[in-house]
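all I have is the shape, not the residue letters:
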Ligand code: HEM
């Protein structure tokens, strides 16, 4: 680096690359990248995101004009697939590789080489105890070596000392952690390339056959192969729910049970399952998840000739209130004379509020009520422009009016029928439940789980295995025990004291001295040093 | 499915009782830390050790001791605890299992602190009683909405604190633990108050018994670590310039010692947070068909995680002073709190179970 900055003109392309690479793989840059990553992730929580709710993004764009367009141009609504967000984590990944590879090599070497020799002045080590001993140097060193081995140290014997090291697992853990992080990120990317996500709404009695056309929406990964869709069918037999009718305050009316009875058919074999919010039904690698539910009023429409031109349940979408007030549209293209359309609100438990308006006060079907207005004219279904089934294009239609010329409002309880001004009629037959399911497949989930577990294990080792070097040196009857922590190690002083105590106890035994007071829990207690030990940590 | 409203009412009563005791405990602890008359005595007692602390270098022990091996040993001596100043400052650190207070303080009979701890134990008993009665009133885990989450998280914070002080004298944190818990409980029975009720289907999963308590534990650990980080910063400033308004920090151990405890707790908190994140992802797969979808809660859990990863990195990076590293710790806890309050209440997302 120094060379490079000193002579920039001669750096050349490769020199530049080398310089950039070395910068990128420093801890300092990794740290800055981490901080930027944290910052860069935040806008995605402040602004609506397309991956979550494209509808909200569209609304935001409509409401915010130029400002919104600017934000869109800088990918603020697709933060996590944006160029800038991707660059940050890609740089981090590259930095990680550049960091992990040499470190792995280094660690591999360290694990296979002997612990380093003792430095000249052991007294400077954070853990240090010395004492005099009458025992022969060789015996002391033998004992020390055996003792350290038993404690899991790797040891090497030199002329006047034993060198020992433990805690290689710390670095191993750290490397496992960083590598697993890399693998996890790659796995995530690959999973999104090969998997898919689809949505489908099923009314009670409906059967879903797993094929592309059966999905209401389908988001495949770039390399997803539609032929790999597993062959199965799923029927919604029944959906039950219950809501809290007793709790006070904000808890009143909250959902308590959502339960769908479904039948899956795989290879001609049928099986019943209970599908719940936290209990997906799995068919091979594909999962079916319960993500929503609502009411589908059954309505029969007759045209002026009395012929049934529409019959059956229509999905009404709950607006989000606790009473499940839902909106929906019924399109009747095949009526004699002119096409018809109805826009309606469904109230599971219709009640009048203080202002005299009809609202739904509870989510269960206590007083189901359907309120609709009707239109006649061209539904626009043949225009070739795809239409939402949840909205009515009323531009080329006229609203139905009653005898006084006021807009017509149809209000019906279950079983009731209302006449239409054009001679037809509408009947509210009943209500069915429907569910929304996500169906998805991610072939990499198993690998993801394994990497996540490795991340956690690696991290635990990396943070809590003490890595420590110890030396025991004997010079002219003076025994020095020293310990050096590599990384955080609150026990380093104690390790030296404990080992010294062990050695001394053996020493004392040999001399027939029963004083075994070298208690390691009394750090500053130099009175224990009957043989003249000096305890570094207790130096005053 | 039923709710025992009597028990739920008892729980509320116990919360209020615990709050009263916490308030008194906080005052007792505050007296121990900031109390007037005793401080003058201790000033005299610690006067001579002050110059040593001022000389403390800013390198953390980690990075220095990780310096290349070899015979010189000089680099190890610069900031390691073997340097003269270092060994004095490090006395009484956790490594020795001794008291966390510095020399002059060790002799001070800390009656106020003892009263504080006794009251804290009493408050903790009432508090745990409140958690248990709440759990029994709904016969499920007591963390189904924000109010219950706070109730349980604060109980765990106090229990963690009480466990820590049996191993290491960090009673100087008492004011902030009791105070923080008091404030949080106050919020839980006012703005976050939620009547006892059963869980919504989205929360009915055994994962709530795995993911949430670990999140709570992480929050408790990271909170304690953050208070330590604040004290570390104040103490370091006192060691540096000794402004009068920081005189109370004489009663704290050396900033390097506080830093070490703060780091160790944050490291444990980071592991549990990692677990929270992973368990959350597994639960998300079960509930929402994908393990990661950048939901606003997921985003902030990720942000918190990255900030603490940066904190751990900064600690091991040359050129980052302990104070700067501690600031990262504080940014970390700020994002934890943001994640729990603003994100839960104001942001749209799938985690809409605040109960508000
Ligand atoms: C994806 C981005 C990264 C994340 C989330 C991450 C996370 C972490 C965490 C949580 C630790 C703490 C574990 C410990 O202290 O032992 C750590 C340690 C470490 N990381 Fe990273 N890291 C990332 C990238 C990098 C890169 C790019 C480098 C190399 C430049 C690097 C080098 C290190 C080193 C050397 C340590 C050990 C520090 C010590 O001795 O305490 N990391 N990393």
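Thanks, I have it. Small disclaimer: the values here were computed from a predicted structure and weren't measured.

hey, let's count contacts and neighbours off CA atoms from now on
OK.

for the residue in the stretch 101-250 of chain B that chain A sits nearest to, give its distance to the ligand.
Nearest residue of the stretch 101-250 of chain B to chain A: residue B:200, at 4.9 Å (Cα to the nearest Cα). Note on residue B:200: its distance to the ligand, by Cα to the nearest ligand atom, to the nearest Å, is 34 Å.

got it, and residue A:442?
With distances defined as Cα to the nearest ligand atom, the gap from residue A:442 to the ligand amounts to 23 Å.

residue contacts, that residue?
Listed by Cα atoms under 8 Å, 6 or more residues apart in numbering or on different chains, the contact set of residue A:442 reads A:191, A:192, A:194, A:195, A:196, A:285, A:286.

in strands only, show me the residues you listed.
Where these overlap with strands, as defined by DSSP state E, the overlap consists of A:196, A:286.

Three-state assignment for the nearest residue to the residue of the stretch 101-250 of chain B closest to chain A once chain neighbours are set aside, please.
Distance criterion Cα to Cα, 6 or more residues apart in numbering or on different chains; nearest residue to residue B:200, sequence neighbours excluded, is residue A:256 at 4.9 Å. Classification of residue A:256 using DSSP: H, G, I helix; E, B strand; the rest coil returns strand.

number of nearby residues for residue A:256?
For residue A:256, the count of nearby residues is 20 (other Cα atoms under 10 Å in any protein chain shown).

shouldn't it be in contact with residue B:201?
Yes - A contact is recorded between residue A:256 and residue B:201 when judged using Cα atoms under 8 Å, the distance being 5.6 Å.

just the buried ones from the contacts of residue A:442?
A:191, A:192, A:194, A:195, A:196, A:286 (16 or more other Cα atoms under 10 Å in any protein chain shown).

next, work out how far apart the last one and chain B are.
It refers to residue A:286. Plainly put, residue A:286 is 10 Å away from chain B if you go by Cα to the nearest Cα, to the nearest Å.

how about the fourth one?
Counting by Cα to the nearest Cα, the gap from residue A:195 to chain B is 11 Å.

which ones are touching that residue?
When contacts are counted by Cα under 8 Å, 6+ apart, residue A:195 touches A:220, A:221, A:224, A:440, A:441, A:442, A:443.

isn't the residue of the stretch 101-250 of chain B closest to chain A up against residue A:253?
No - Residue B:200 is not in contact with residue A:253 according to Cα under 8 Å; the separation is 10.4 Å.

quick one, what contacts the residue of the stretch 201-350 of chain B found nearest the ligand?
When distances are taken as Cα to the nearest ligand atom, the stretch 201-350 of chain B approaches the ligand most closely through residue B:309, which lies 4.1 Å from it. Remark: with contacts taken as Cα under 8 Å, 6+ apart, residue B:309 is in contact with A:34, B:270.

enumerate every residue touching residue B:161.
For residue B:161, counting by Cα under 8 Å, 6+ apart, the contacting residues are B:177, B:224.

and for the one 10 residues further on?
Listed by Cα under 8 Å, 6+ apart, the contact set of residue B:171 reads B:29, B:113, B:117, B:165.

7 Å - rerun?
Neighbour list for residue B:171: B:113, B:165 [criterion: Cα atoms under 7 Å, 6 or more residues apart in numbering or on different chains].

and for the one 10 residues further on?
The contact partners of residue B:181, taken as Cα under 7 Å, 6+ apart, are residue B:154.

quick check: which element contains it?
Using DSSP states H and E, residue B:181 sits in helix B:174-188.

what about stretch A:41-50, distance to the chain center?
If you compare the mean C-alpha spot of stretch A:41-50 with that of the full chain, they lie 16 Å apart, counting by Cα atoms, centre = their mean, to the nearest Å.

ah, wrong one, I meant stretch B:220-234
On the basis of Cα atoms, centre = their mean, the separation between the geometric centre of stretch B:220-234 and that of its chain is 6 Å.

and what of stretch B:312-319?
Mean-position distance between stretch B:312-319 and its chain equals 21 Å (Cα atoms, centre = their mean).

for residue A:427, helix, strand, or coil?
Look at residue A:427: counting by three-state DSSP, its state is strand.

typo on my end, residue A:372
Counting by three-state DSSP, the backbone at residue A:372 sits in strand.

please, which helix or strand holds the closest residue to it other than its chain neighbours?
With Cα to Cα, 6+ apart as the criterion, residue A:372 has its nearest non-adjacent residue at 4.0 Å, and that residue is residue A:344. In this structure, residue A:344 sits in strand A:339-347 according to DSSP H and E.

quick one: list the elements packing against the helix or strand immediately after that strand in the chain.
Reading on from strand A:339-347 to the C-terminus, the next helix or strand found by DSSP H and E is strand A:350-352. Applying 3 or more Cα pairs under 7 Å, 6 or more residues apart in numbering or on different chains; DSSP states H and E, one finds that strand A:350-352 makes contact with strand A:358-360.
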